[in-house]
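Chemist: sharing a sequence plus its predicted fold:
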Amino acid sequence: MKYASQSYTRAEIEKGYTNRLLSIDLTRKEITVKDIPETMRTQFVGGRGYCLKLVFDGTTADTRFDSPDNVLAFAGGPFCGETSFAGTGKFIVGTISPLTQTFCDSNVGGHFFPLVKLAGFDAVAVTGKTDRNVLVVIDGNNCEIEITEAPQTENTLLEADELIHQWNSDTRVENIAFVCAGSGALNTYHGCINSVYYDARRKRCRAKQAGRGGTGTVMRNKGLWGIVVKCDEAKGNANKPADRDRLRIAGRKLRQVIRDVDPKSMSLGTQGTTCLIDMMNEHHLLPVNNYQYGMHDHHEHVSGDIFEEKVFEQQYPDGCFAGCNLACTKGCEQHTLTTGPFAGRTVPVDGPEYETAAAVTNLGIFDIHTVLEFAWYCDEYGLDTISAGVTLSFLVEAYERGLLTREDTGGVELGWGKPGMVMELLHSIATGSSAFGREAGRGVRHMKQWIAERVVARTDRSADEVYRELGLFAMETKGLEFSMYITKESLAQQGGYGFALKGPQHDEAWLIAIDQLNNELPTFKKKAVALFWFPMIRTWFNLVGVCKLPWIDVRHPEAKNTDHPARNMPTIEYYLELVNATLGTDKSVDDLIEESERCYLLHKLINLRQGFGTREYDRIPLRAMAPVFMNEYLFRKEYYEDYLVSVAGLDIEGKTDDQRLQLLQDYRRSEYEKLTNEVYEEKGYDLNSVPLDATLQRLGLNGDEYLGIVRSARERT
Ligand code: SF4
């Protein structure tokens, strides 16, 4: 059944932009094609910037994730779909998140947004709600948009090939793609969005995930099953850059660096991001047992080498979009499921990524079968592997510490290294089939409160005391679960997670290598400068629809001869060529940073408007800064004793282990507070994390709608 349809005239792409927004109101069943004003383009660029602006304008301080006025925004950027350059299939999904209750965004690759752009749109904004399950169809060939009945299936990935062929009456199958959220997104707060596309080499559909923040939950809460796009307009020069030859030269140079460097360094092309497992383990950064430990003797059972040898089909160049020769999107073609509703079926598994494998090691499990099982079911259900994994590991630790009982869990005995238990709980969370699963699906922050209430009801402990204890090892900040790196030994990375506006996700700052491993940031000032520059340049990638991995994970050979090797400026110069050759401009790196600053500031303003965003929301759990309990301290006793004397400059002579642990925790807490002050100054905030008027003025966000937010935030603090 068709609920609404709308014909449109396709806007041609010019210098990377169509300057059109597709707006879908599900309550009114209205489809509107709008022009995007030039000021929006110059101020907010695209991608994350467009999502921020659409959410800021479309919502209010009272908007919650399930309010009809919440905006679910999708946007690529001016380079999304440019096939002469690596990493251009990316787009951003942004919304008011069920986990953080403020703006959260997630980036994802695949063919979806490049096709949306070819169909004529730089952004799609979905508002309203419907109690029917609907599908939006963007038909770029016939220039028609429809709101129609959703497919009668919740098996989104399992049936993706059939669906894509069913929708494919007049289009090459590579030119059709869709986004959807699975059934688990309905039952949890951390539902992800799958970006599904047809991979002609593997001859099957594949999926990448916009994992973080519950964007899939918002999608399903709106009654939106998914959005499908088809468009046959793909051709080499579709993005219409101002200077195509200049662009191609820069693209060729970047691809050459990738070809030369990756096989000798990280091997993303053959191992995907699982190559990180050994590296993280070697430096005590691989999360084990809810981030208590950073390494484990069994890590080699899930190492990148094992994935390369036993799991991935290496003959495929696995770029998630044309033009990317880093090609990290690996996959397993045949995994036989042993649990859940599809036990016995043999399925392909995309990825798994490092984050998913580490979510499993964080549960004390080191076997490939469980990693694949966990990965496939999370994707099929539409769950974020990070939030699901961290919630489970928090629950196991709470159980081990006697704060959660078998009665609470509905009879499930929790423990480390128990694959059967993990999968049983994952199924009950995704399907909502048990009372405990339904609670757990709301994430770590909710479970802290839920467990505290249970403990208070059965003991004489106070709620504050129990909540504080749980908060020591509940790995969330701002409501979002930590991504998969141990931050205890890197103060800069603690800030990278703590100050990240969406919550502790590494796509805003990942400074562990330069801080902890290379000691390139020895002072507070250097750390603070890095905590300004890296989030800004990373934000820029999310504004323009380009993958960061060819910049972050492939160090240009010339970078070592520059003042800041970690910034990888020779590669950034290629991106600058991409900008100026596409747009016909003469921008500098400082101009890109300023664009990011403005968008970043808008995110800050949304956080403040929603009642968050001040200093207390930048604090992180003790587990992210230091060992919390004696077992963690004793695991690296010699290292910590040496640290207390030679780094902290403390006298530990005659002190017991308990006293030394306390000294360490106090020291780390005070270092974090000092860093906070320094970073706020660098970013142009006051000590309560509220932007100064001068900062708003400098970035052109000094209209009344913005100034009013900071004034009321100041009154609050
Ligand atoms: S590096 Fe990987 S994630 Fe990034 S665009 Fe290439 S294949 Fe996709």
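Modeler: In hand now; what should we look at?
Chemist: low pLDDT regions in this protein?
Modeler: By pLDDT under 70, the weakly predicted segments of the chain are 314-315.
Chemist: next to the ligand, which bits of it? Give me the list.
Modeler: 87, 89, 109, 319-321, 324, 326-329, 547, 549-550 (CB under 6 Å from any ligand atom). Using the backbone N, CA and C atoms, a C-beta is placed for each residue, glycine as well.
Chemist: who wins for neighbours among those residues?
Modeler: In terms of neighbours by other CB atoms under 10 Å, the residues of the chain next to the ligand top out with residue 89 at 32 neighbours.
Chemist: for the ligand, what is the nearest residue in the stretch 151-300 of the chain?
Modeler: Residue nearest to the ligand within the stretch 151-300 of the chain: residue 268 (6.6 Å; CB to the nearest ligand atom).
Chemist: burial count for that residue?
Modeler: Neighbours around residue 268, by other CB under 10 Å: 25.
Chemist: got a list of what it touches?
Modeler: 262, 275, 326, 327, 328, 549, 553, 554 (CB atoms under 8 Å, 6 or more residues apart in numbering).
Chemist: ok, now residue 70?
Modeler: 58, 59, 63, 64, 95, 96, 127, 218, 222.
Chemist: am I right that it is in a strand?
Modeler: No. Using DSSP: H, G, I helix; E, B strand; the rest coil, the secondary structure at residue 70 is coil, not a strand.
Chemist: now residue 81: how far from the ligand?
Modeler: 12 Å (CB to the nearest ligand atom, to the nearest Å).
Chemist: in which helix or strand does that residue reside?
Modeler: Take DSSP states H and E as the rule and residue 81 turns out to sit in neither a helix nor a strand.
Chemist: what sits closest to it if chain neighbours are left out?
Modeler: Counting by CB to CB, 6 or more residues apart in numbering, residue 81 lies nearest to residue 114, which is 3.4 Å off, once chain neighbours are set aside.
Chemist: what does residue 167 give?
Modeler: residue 228 (5.5 Å).
Chemist: wait, that neighbour touches residue 168, no?
Modeler: No. Between residue 228 and residue 168 there is no contact under CB atoms under 8 Å: 9.7 Å.
Chemist: who's more crowded, those two?
Modeler: residue 228 (25 against 15).
Chemist: a strand runs through the more buried one, doesn't it?
Modeler: Yes. Counting by three-state DSSP, residue 228 is part of a strand.
Chemist: which ones are touching it?
Modeler: 135, 136, 137, 138, 167, 176, 177, 178.
Chemist: is the last one in a helix, a strand, or coil?
Modeler: Just to be clear, that refers to residue 178. Quick answer, by three-state DSSP: residue 178 is strand.
Chemist: can you check the third one too?
Modeler: When the structure is reduced to helix, strand and coil (three-state DSSP), residue 137 reads as strand.
Chemist: coming back round to it: only whichever of the contacts of residue 228 are buried, select them in ChimeraX.
Modeler: Selection of the buried residues among the contacts of residue 228 in ChimeraX, burial being defined by 16 or more other CB atoms under 10 Å:
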select :135,136,137,138,167,176,177,178
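Chemist: what's the first helix or strand after the helix ranked longest in the chain?
Modeler: When the chain is parsed with DSSP state H, its longest helix is helix 657-683. Next along the chain after helix 657-683, taking DSSP H and E as the criterion, comes helix 693-698.
Chemist: and that next one, how far from the chain's centre?
Modeler: 29 Å (CA atoms, centre = their mean, to the nearest Å).
Chemist: how about stretch 493-511?
Modeler: Relative to the chain's own centre, stretch 493-511 is displaced by 11 Å; criterion: CA atoms, centre = their mean.
Chemist: list the buried residues of stretch 420-438.
Modeler: Per 16+ other CB under 10 Å, stretch 420-438 contains these buried residues: 421-432, 434, 436-437.
Chemist: who's in contact with that stretch?
Modeler: 183-184, 186-188, 339-341, 360, 363, 365, 370, 373-374, 377-378, 381, 383, 388, 391-392, 395, 408-410, 412-415, 440-441.
Chemist: and those, which of them are in helices?
Modeler: Per DSSP H, these map to helices at 184, 186-187, 360, 370, 373-374, 377-378, 381, 388, 391-392, 395, 440.
Chemist: just the buried positions in the host helix or strand of residue 640, please.
Modeler: For residue 640, the host element (DSSP H and E) is helix 637-642. Residues of helix 637-642 classed as buried by neighbour count (16+ other CB under 10 Å): 640, 641.
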